[in-house]
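In: what follows is a predicted protein model with its sequence.
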Amino acid sequence: MRNDEIAEAWEEAEAALQEHWQGSIDAGLEGITPEVTAEAIALLDAYGKALAGLPEPATEAAILAEMERTIVALNDLNERQGGSLIEADEREMVCGFLIDAAVACGLDAEKFEDGDPTYTWREF
């Protein structure tokens, strides 16, 4: 069940991000290219797969370690694009997936400020 929830959350997030970023590419927004968006998608996909591979029940530390690894990599990617890849709309989609997948693994997101454990690491 947990892995189904992660897969469902990823399917929805990936479709929304792909559509959103394609619109940005079509509009010619600087720093947003098919290669860059593919890298972001790959990072998020790897996060979902890493969480799905955690033992059940997953520990909070293991879940947060995967979240941190992914967010640090996304921070770097976003910084290389001048901060244009992940802005407000994208942040909501990205963080929504990161949190939903973590909750599916057993993380209690409500323990964190505003129910958002991504605040700890994210710079976008």
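Out: Thanks, I have it. Since the structure is predicted, the reported quantities are computational estimates derived from the model, not experimental observations.
In: next one: the closest residue to E30 other than its chain neighbours relative to P34, how far apart?
Out: Leaving aside its chain neighbours, E30 sits nearest to S84 (6.1 Å; criterion: CB to CB, 6 or more residues apart in numbering). No exception for glycine: its C-beta is placed from N, CA and C like everyone else's. Distance of S84 to P34, given as CB to CB, to the nearest Å: 15 Å.
In: these two - which one has more neighbours?
Out: S84 (14 against 10; other CB atoms under 10 Å).
In: where does the more buried one land in three-state SS?
Out: Under DSSP: H, G, I helix; E, B strand; the rest coil, the three-state class of S84 is coil.
In: list the contacts of it.
Out: Residues in contact with S84 (CB atoms under 8 Å, 6 or more residues apart in numbering) are L29, E30, G31, I32, N78.
In: excluding its backbone neighbours, what's nearest the fourth one?
Out: Just to be clear, that refers to I32. Leaving aside its chain neighbours, I32 sits nearest to S24 (4.4 Å; criterion: CB to CB, 6+ apart).
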